[in-house]
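[1] Pasting a predicted model and its sequence here:
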Amino acid sequence: MSRRWYEAGPLPAAHTTRRRDTRLTILASLAAAGGLWLLQAFAGGYVVHMTCVAALFAVLAVSYNLINGVAGQFSLEPNAFVACGAYVTALLTLSPAEKAASFILEPIIWPLSVISIPLLPALLIAGLLTALMGFLMGFPVFRVRGDYLAIVTLGFGEVIRVVANNAQAVTNGPLGLKGIPHLTDLWWTGGLLALTLFIIVRLVNSSYGRALKAVREDEVAAEAMGINAFWHKMLAFTTSAFFEGVAGGLLAHLITTISPSLFTFFLTFNLLIIIVVGGLGSNTGAFLAALLFTYGGEWLRVVEEPLNLFGLHIPGIPGMRMVFFSLILVAVMIFMRQGLLGRREFSWRWLWAVLDQRRP
Amino acid sequence: MDGAQLTQQIINGLTLGCLYGLIAIGYTLVYGILRLINFAHGDVLMVGCYMAWFGAVQFGLPWWAALMGSMLLTALLGVLIDQGAYRPLRRAPRISALITAIGVSFFLENLGLVVFGGRPKAFLRPEVFNHIYQWGSVRVLSLSVWTPIITGLILAGLLIIIYRTRLGMAMRALSRDLVTVRLMGIDTNRVVAATFAIGSALAAAGGVLWAMKYPQINPLMGVLPGLKAFVAAVLGGIGNVAGAMIGGLLLGLAEILLVAWLPELAGYRDALAFVLLIGILLFKPTGIIGEELPE
């Protein structure tokens, strides 16, 4: 029987190789940090910027996958969480003078007008507030299932956008916030990505993660086994809200200008493509697809630029990229519903076994 | 607010409600049969508007011919979407079909941006709809009088199809039990295709009336009306045509009266539909006259 190269047969039990795997993880993290240092030192501003964006998208995709893929609750709200995190962080770090200057239609309300704190506590507060928002949202949201859940969470995203447009004394309305300090760098985004991967992978591999998967497969059966489906969904939702909020905060400090039009359903749609292409339920898939999406998306800009092919002039078509992306999503659903990785995950044991069977 | 103003606002609300209702019927028909939220419905509406725009402005057709042509072409588009994107997923989990629908919706929007351009196009209101009637201090655009009449005619035609023809009988049976209907020797795919055609044609009609009311069109114009019409369908009880109409009228009235009574909340108008949606799903998930649909 022939095996594909990535099929490694039965893997050894996890606890037998734990020490080796931990060491390998630490080594890989050090290598990644070294890579970041090299990028920081030698790469141009554009590459650094794209890498920051890619890392933030990876954080968003992995946390979105927790609720959509692992817990199987198909929801459409990440734009709401990212918006919440971005606005809270930006409002906390902007200097009072900057705020006074940009709130021209309506002055900013009192406590926010004088506050200005460093990035780290601001990110923490933003994450916690977003998690709180997710927690409160969860009560009505998890009363419904399936496609209704999708529509209700989409509705929440729209409501947040409408609020951001109208609560001018807090969000500055459609004008948005300008002059946010450019504090996000490779270390912040890389650090957040490492933390997110560490916590979410640990969560998925814990008893809570197994319970979440049980809820995904069959909620009634899971409840019969004594799993409280509601609180497990809440756990996944709140955790995912926390990381999406923090990522939103870093995003605000990367692009330095935010406005409600940045956090439409379009953002959620991009994340949805990422986790569907990666394979709903696979953290590795979400991570890889996020990188593929960010860098591949840049590469696809080619189709929007004018092209001279053997004397044949093809004018660039702006906007063609999104047409491609939507086609990819439909095609993946029709022809390759498992995505790139299905529910497979990367593990050192797997890598070890693959390398082992290759050895002559 | 005096009586005249209130009358005025109620007429505005009913006109808007008719449009929501027409669009909501498309959602409710498809959901009733396939249990699929056809996310692309709002964008089908947008395409319908552009078809009518091309007919009326580019080819100089009279408005009714442009409307008919647009309904026909849009019906075709609806069938095409169903056969191309949804049919391969009939046996897949429902969420897969939903994701595909979201993909189709973005595909239409972005293709619209590429083909039609992002700049809004002016949609001319034909003469018939451009008069202003005045009764005392109530001023009403003739479009606002015609919209309920046209809606009523379309609705009557639809109800005849659903309750008096074999196709309608097949559609009603399909919404009960797809597998059994297939066993009875009915070509379910044709019935589903017909459903998409009818729903899309109604979306085109609603869209053209919408474009006459707010006389400009752009490739993203279908998003909000589409989402709100879905809420209207849920409000009335999804799967039920009369319910969709009632839900549409209620949503239209609620939006207009919110803005009339509390002008300081006018900016939150677009959020009202979703707040309503959350409320309905919490307290009466089957809607006003809906019944529990079999899974």
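    Nice, thanks for sending it over.
[2] Run through the helices of the stretch 101-250 of chain B in chain order.
    Ranges of helices in the stretch 101-250 of chain B, per DSSP state H, counting those that start in this stretch, are B:142-164, B:166-176, B:178-183, B:188-213, B:223-236, B:241-261.
[3] Give me the buried stretch members for the shortest one, please.
    By neighbour count, with 16 or more other C-beta atoms under 10 Å in any protein chain shown as the criterion, the buried positions of helix B:178-183 are B:178, B:181. To be clear about C-beta, it is placed using only N, CA and C from the backbone, and glycine gets the same treatment.
[4] hmm, back to that, just the helices of the stretch 101-250 of chain B: most buried one?
    Most buried of the helices of the stretch 101-250 of chain B, by mean neighbour count (mean count of other C-beta atoms under 10 Å in any protein chain shown): helix B:223-236, with a mean of 27.
[5] packing partners for that one?
    With contacts defined as 3 or more C-beta pairs under 8 Å, 6 or more residues apart in numbering or on different chains; DSSP states H and E, the packing partners of helix B:223-236 are helix A:146-166, helix B:3-34, helix B:41-53, helix B:188-213, helix B:241-261, helix B:269-283.
[6] for the first one, packing partners?
    With contacts defined as 3+ C-beta pairs under 8 Å, 6+ apart, the packing partners of helix A:146-166 are helix A:78-93, helix A:119-141, helix A:168-171, helix A:265-278, helix B:94-116, helix B:223-236, helix B:269-283.
[7] what do you get for the third one?
    Judged by 3+ C-beta pairs under 8 Å, 6+ apart, helix B:41-53 is in contact with helix B:3-34, helix B:63-81, helix B:94-116, helix B:188-213, strand B:216-217, helix B:223-236.
[8] mind listing the helices for the stretch 201-350 of chain A?
    Remark: helices assigned in the stretch 201-350 of chain A by DSSP H, counting those that start in this stretch are A:207-217, A:219-224, A:229-255, A:265-278, A:283-299, A:320-335, A:348-358.
[9] could you give the mean pLDDT of the fifth one?
    The average pLDDT within helix A:283-299 is 91.
[10] residues in contact with residue A:51?
    Residue A:51 makes contact with A:39, A:43, A:186, A:189 under the criterion C-beta atoms under 8 Å, 6 or more residues apart in numbering or on different chains.
[11] out of those residues, which is most surrounded?
    residue A:189 (25 neighbours; other C-beta atoms under 10 Å in any protein chain shown).
[12] so what's it closest to, chain neighbours aside?
    residue A:55 (3.9 Å; C-beta to C-beta, 6 or more residues apart in numbering or on different chains).
[13] cool, and residue B:242?
    residue B:289 (6.7 Å).
[14] could I get the helices and strands packed on helix B:41-53 as a markdown table with distance to residue A:30 and mean pLDDT?
    Conversion of those to a markdown table gives the following (distance: least, C-beta to C-beta, whole Å; pLDDT from 0 to 100):
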| stretch | distance to residue A:30 | mean pLDDT |
| --- | --- | --- |
| helix B:3-34 | 52 | 91 |
| helix B:63-81 | 51 | 95 |
| helix B:94-116 | 38 | 93 |
| helix B:188-213 | 56 | 94 |
| strand B:216-217 | 56 | 91 |
| helix B:223-236 | 47 | 92 |
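[15] got the ones you listed as JSON lines, with distance to residue B:167 columns?
    Output for these, formatted as JSON lines (distance: least, C-beta to C-beta, whole Å):
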{"stretch": "helix B:3-34", "distance to residue B:167": "12"}
{"stretch": "helix B:63-81", "distance to residue B:167": "14"}
{"stretch": "helix B:94-116", "distance to residue B:167": "23"}
{"stretch": "helix B:188-213", "distance to residue B:167": "6"}
{"stretch": "strand B:216-217", "distance to residue B:167": "32"}
{"stretch": "helix B:223-236", "distance to residue B:167": "21"}
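[16] out of these, which comes closest to residue B:43?
    helix B:94-116 (3.8 Å; C-beta to C-beta).
[17] okay but residue A:280 is in contact with residue A:68, surely?
    Yes - counting by C-beta atoms under 8 Å, residue A:68 is a contact partner of residue A:280 at 6.3 Å.
[18] what's the nearest residue to residue A:115 if we skip its chain neighbours?
    residue A:92 (6.1 Å).
[19] The one you found: how many residues sit nearby?
    Close neighbours of residue A:92, defined as other C-beta under 10 Å, add up to 21.
[20] got it, and residue A:167?
    Neighbour count of residue A:167, defined by other C-beta under 10 Å: 16.
[21] Check residue A:331 too.
    Neighbours of residue A:331 using other C-beta under 10 Å come to 14.
[22] Quickly note the distance from it to residue A:296.
    Using C-beta to C-beta, to the nearest Å, residue A:331 is found at 15 Å from residue A:296.
[23] Which residues of the stretch 1-150 of chain A lie near chain B?
    Counting by C-beta under 8 Å from any C-beta of the partner chain, the positions of the stretch 1-150 of chain A adjacent to chain B are A:74, A:140, A:143-144, A:146-148, A:150.
[24] list the contacts for the residue of chain B most remote from its centre?
    Residue farthest from the centre of chain B, counting by C-alpha atoms, centre = their mean, is residue B:136 at 33.3 Å. Applying C-beta under 8 Å, 6+ apart to residue B:136 gives the contacts residue B:4.
[25] which residues does residue A:284 contact?
    Here residue A:284 is in contact with A:278, A:341, A:344-346 (C-beta under 8 Å, 6+ apart).
[26] can you pick the most crowded of these?
    Using other C-beta under 10 Å as the neighbour criterion, residue A:278 leads these with 29 neighbours.
[27] I'd guessed that one sits against residue A:272; true?
    No - with contact defined as C-beta under 8 Å, residue A:278 does not reach residue A:272; the gap is 10.8 Å.
[28] So for chain A, which residue is the most central one in space?
    In chain A, the residue lying closest to the centroid (C-alpha atoms, centre = their mean) is residue A:60, at 0.7 Å.
[29] I figured that one hits residue A:82, correct?
    Yes - under the criterion of C-beta under 8 Å, residue A:60 makes contact with residue A:82 at 6.9 Å.
[30] what do those two both touch?
    Between them, residue A:60 and residue A:82 share these contacting residues under C-beta under 8 Å, 6+ apart: A:244, A:247.
[31] so who does residue A:92 touch?
    Residue A:92 neighbours (C-beta under 8 Å, 6+ apart): A:115-117, A:121-122, A:125-126.
[32] Tell me the buried residues within the residues you listed.
    Buried members of those, counted by 16+ other C-beta under 10 Å: A:116, A:122, A:125-126.
[33] Counting neighbours, what do you get for the residue lying closest to residue A:165 once chain neighbours are set aside?
    In space, and not counting its chain neighbours, residue A:165 is closest to residue A:260: 4.8 Å by C-beta to C-beta, 6+ apart. With neighbours defined by other C-beta under 10 Å, the count for residue A:260 comes to 21.
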